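S.K.: give me a model of this one.
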Amino acid sequence: MWSTYVHGFSSLLAHLAGWLDGSWGLAILLLAMAVRLVLLPMTLRTAEQNWLRQLKLQALQPKLERLRQRHADDPMAYARAARELHRQHGITTGIGAGLLVALAQAPLGIGVYAAARHGAARAGSFLWIPKLARPDQLLALAVTGLTLATMLLNPMLPEQARTLLQWLPVVMTFFVVCHLSAALVLYYAGSSSVGVLQTLLLRRRIGRHRALITG
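M.R.: Residues are numbered from 1 along each chain as shown. Got it, this is the predicted structure:
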């Protein structure tokens, strides 16, 4: 069943490459972007809900601190009181929405990734890349740059954690993608470019929320 699923994506990728004058690189890039764009409304909505949840939790910190002091000798009582306070203010765990996004995104992403991996052997050159089946350092740097842009633009990243949390994923991304075939890195590039778009849209939505709150 899995092989049939991957074969379907591979066939789609082959047909798309045929329509693009045999450009497997462009086909991989566009297919990866298309999958992320299809899921963009769902992932953007989930990210926005997570930010609103964080905002509510920040507003409740004084009350939670008082509950913590009141139940200092009874952690179970504190946990019950905190859950009740969250319920009263409509704060959920957020796990359900995140799980739904993961369940929707994982099969599509894995399918495109597997198709790109299988198609790498047949893929030729693309832009400056002579062979998509081999690693390309310049492309790896470009994808790393997209990861950095996403981190820098992320409005949900706490200011006190920005330095460490920005550079660690960036460094890890480079060390991973610099050893992968260029075909797979193109998949990451297409997906990451939509990730940057999602971050920009999230910043815009959060800006509107903040304007309503302060206005």
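S.K.: helices along this protein, start to end?
M.R.: Applying DSSP state H to the chain gives helices spanning 2-19, 24-70, 75-88, 95-119, 137-153, 162-177, 182-214.
S.K.: out of the ones you listed, which gets nearest to residue 127?
M.R.: Across the helices of the chain, the minimum distance to residue 127, taken as Cβ to Cβ, is reached by helix 24-70, at 6.9 Å. Quick note: C-beta positions are derived from backbone N, CA and C, even for glycine.
S.K.: got the contact list for residue 55?
M.R.: residue 209 (Cβ atoms under 8 Å, 6 or more residues apart in numbering).
S.K.: how near is it to residue 199?
M.R.: 18 Å (Cβ to Cβ, to the nearest Å).
S.K.: what about residue 71, neighbour count?
M.R.: 16 (other Cβ atoms under 10 Å).
S.K.: okay, the closest residue to it other than its chain neighbours and residue 87: tell me how far apart.
M.R.: Counting by Cβ to Cβ, 6 or more residues apart in numbering, residue 71 lies nearest to residue 78, which is 3.8 Å off, once chain neighbours are set aside. Noted for residue 78: a distance of 15 Å to residue 87, by Cβ to Cβ.
S.K.: ok, residue 115 next?
M.R.: Applying Cβ to Cβ to residue 115 and residue 87 gives a distance of 44 Å.
S.K.: CSV for the helices of the chain, including distance to residue 126 and mean pLDDT?
M.R.: Below are those laid out as CSV (distance: least, Cβ to Cβ, whole Å; pLDDT from 0 to 100):
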stretch, distance to residue 126, mean pLDDT
helix 2-19, 10, 75
helix 24-70, 3, 82
helix 75-88, 50, 75
helix 95-119, 12, 64
helix 137-153, 9, 87
helix 162-177, 16, 74
helix 182-214, 7, 84
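S.K.: please name whichever of these is nearest to residue 130.
M.R.: Between these, helix 182-214 lies closest to residue 130; by Cβ to Cβ that is 9.1 Å.
S.K.: quick one: contacts of stretch 186-203?
M.R.: With Cβ under 8 Å, 6+ apart as the criterion, stretch 186-203 contacts 25, 28-33, 35-37, 40, 43-44, 47-48, 51, 109, 112-113, 116, 126, 132, 139, 142-143, 146-147, 149-150, 153-156, 177.
S.K.: derive a ChimeraX selection command for the buried subset of those residues.
M.R.: To isolate the buried members of the contacts of stretch 186-203 in ChimeraX, using 16 or more other Cβ atoms under 10 Å:
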select :25,28,29,30,31,32,33,35,36,43,44,47,48,51,109,112,113,116,126,132,139,142,143,146,147,149,150,154,177
